[in-house]
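Undergrad: Build me a model:
(one chain, ligands or ions: 1)
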Amino acid sequence: MTPVTSDKNNLFSPILFGDLALANRIIMAPLTRNRAGEGNVPQDMNVEYYRQRAGAGLIISEGSQISATGLGYPGTPGIHSKAQVDGWKRVTDAVHDEDGRIFIQLWHTGRISHSSLQPGQCLPVAPSALKAAGQAMTHQGLQDFETPHALTLDELPGIVAEYASAAENAKAAGFDGVEIHAANGYLLDQFLRDGTNRREDAYGGDIAKRMRLLLEVVEAVIAVWGAHRVGVRVSPENSFNDIKDSQPQQTFNAVAKSLSDYPLAYLHVLEGDMLSGERQMDYQALRNCFTGFYMANNGYDLESGNSAIEQNHADMVAFGKLFIANPDLPVRFAKNLPLNTPDQATFYGGDERGYTDYPRYN
Ligand code: PHB
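TA: Residues are numbered from 1 along each chain as shown. The predicted model follows:
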């Protein structure tokens, strides 16, 4: 790849997480594609999909449930069974064969699930018994969300243990590190926000209490991987999955400050609203609360990505839809080549079409 010359860093500059070197700062964002095989096990087409995208400085895998209760959608891969670990090992081997780097995103969907997807048809779990507006994607089609089971105090150590065990499994599967999914209205985000966390115990109330579960998970995962191999993803203004907070700037500035206590690989921030793209918060202020690397995401392109890094707003930029449609995105960016257009109709589920058949540039 021909780096764009500049004395400042840009998307093409290498970056180091402790002893892990990334060749560039063009990151593949975590993308749910609902194409795992039987048993939520990564299969051949998933191996090929990630192999094709190994030119990213870092691939962050699609969200992968840490346990059977963490599942929220059909066809998302897990990282809790032996078969899933073996399936992911084929993915990480393929990415490493191409000299790529890959983290797995550890996911628990909390209330964004449905009893029909849960072990024993139990209700999904959440910080508080508050039903999300909207519908779950189930094997029987869309069904209304249900009022979740509010996790009891004595059930919380089990959730932390599931993250630790998934982190161990990720190591066995050959990943280079892990990203903790604390964004987009799933379990850890449900704890962070005052709209979904109405607990009156040590895990609810002010932001120090609402972030307690996240920090316990961060510590448990760091114990397995070391902090330099652990990233955290948040989405302060996203409304996806009926999530809200009365003071997102204060909430997430506080989260960024507390996460600075650990020498994490990065803080990954989905800026603005995932669906509308609207942004009201001051992300520079949020970034200034975090002392480590900041990964920006949501709607960036070559120009805005480069300028975010040059102007020190971000250290890395994650691209989602552009990586769906352009397996060779870093080469296209470096040479200013035209980009393929992503096809929304094939984002979720299906076969190789719209998945592994986007062409590289000539
Ligand atoms: C999605 O299914 O669109 C989805 C899944 C996980 C996310 C965000 C979006 O974190």
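Undergrad: Count the neighbours of G349 for me.
TA: 15 (other CB atoms under 10 Å). Heads up, the C-betas are built off the backbone N, CA and C, glycines and all.
Undergrad: what do you get for the one 3 residues further on?
TA: Residue crowding around E352 was assessed by other CB under 10 Å; the count is 13.
Undergrad: residues contacting it?
TA: Residues in contact with E352, defined by CB atoms under 8 Å, 6 or more residues apart in numbering, are 45, 48.
Undergrad: change it to 6 Å
TA: By CB atoms under 6 Å, 6 or more residues apart in numbering, the residues touching E352 are M45.
Undergrad: all numbers from here: first residue = 11
TA: Yes, from this point I'll number from 11; that puts the last item at E362.
Undergrad: so what pLDDT did it get?
TA: Per-residue confidence (pLDDT) for E362: 98.
Undergrad: quick one: it from the ligand, how far?
TA: Distance of E362 to the ligand, given as CB to the nearest ligand atom, to the nearest Å: 20 Å.
Undergrad: and that residue, what element?
TA: Following DSSP states H and E, there is no helix or strand that holds E362.
Undergrad: mind checking the backbone torsions on H106?
TA: Dihedral angles of H106 (phi, psi; degrees, to the nearest 10) stand at phi -70, psi -30.
Undergrad: For the nearest residue to it once chain neighbours are set aside, grab the count of nearby residues.
TA: In this structure, H106 finds its nearest non-sequential neighbour in G184, 7.2 Å apart by CB to CB, 6 or more residues apart in numbering. The burial metric for G184, expressed as a neighbour count using other CB under 10 Å, is 17.
Undergrad: swap in the one 4 residues further on?
TA: The local packing count at V188 equals 29, with neighbours defined by other CB under 10 Å.
Undergrad: could you say which helix or strand contains it?
TA: Per DSSP H and E: strand 187-191 holds V188.
Undergrad: how about the residue in the stretch 61-210 of the chain that the ligand sits nearest to, what does it touch?
TA: Residue nearest to the ligand within the stretch 61-210 of the chain: N194 (3.6 Å; CB to the nearest ligand atom). Applying CB under 6 Å, 6+ apart, we find N194 in contact with 245, 248, 250.
Undergrad: Cross those residues against strands and list the overlap.
TA: If you go by DSSP state E, these have nothing in strands.
Undergrad: which of the residues in the helix or strand that contains K99 are buried?
TA: Under the criterion of DSSP H and E, K99 resides in helix 92-107. In terms of neighbour count (16 or more other CB atoms under 10 Å), helix 92-107 has its buried residues at 94-95, 97-102, 104-106.
Undergrad: Quickly check these for the two that are furthest apart.
TA: Q94 and H106 (18.4 Å; CB to CB).
Undergrad: any chance you could map the helices in the stretch 261-372 of the chain?
TA: Using DSSP state H, counting those that start in this stretch, the helices found in the stretch 261-372 of the chain span residues 293-298, 312-320, 331-335, 339-344.
Undergrad: Switch those over to CSV; also include distance to F357, mean pLDDT and mean neighbour count.
TA: Below are the helices of the stretch 261-372 of the chain laid out as CSV (distance: least, CB to CB, whole Å; pLDDT from 0 to 100; neighbours: other CB atoms under 10 Å):
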stretch, distance to F357, mean pLDDT, mean neighbour count
helix 293-298, 26, 98, 17
helix 312-320, 21, 98, 18
helix 331-335, 7, 98, 20
helix 339-344, 17, 98, 21
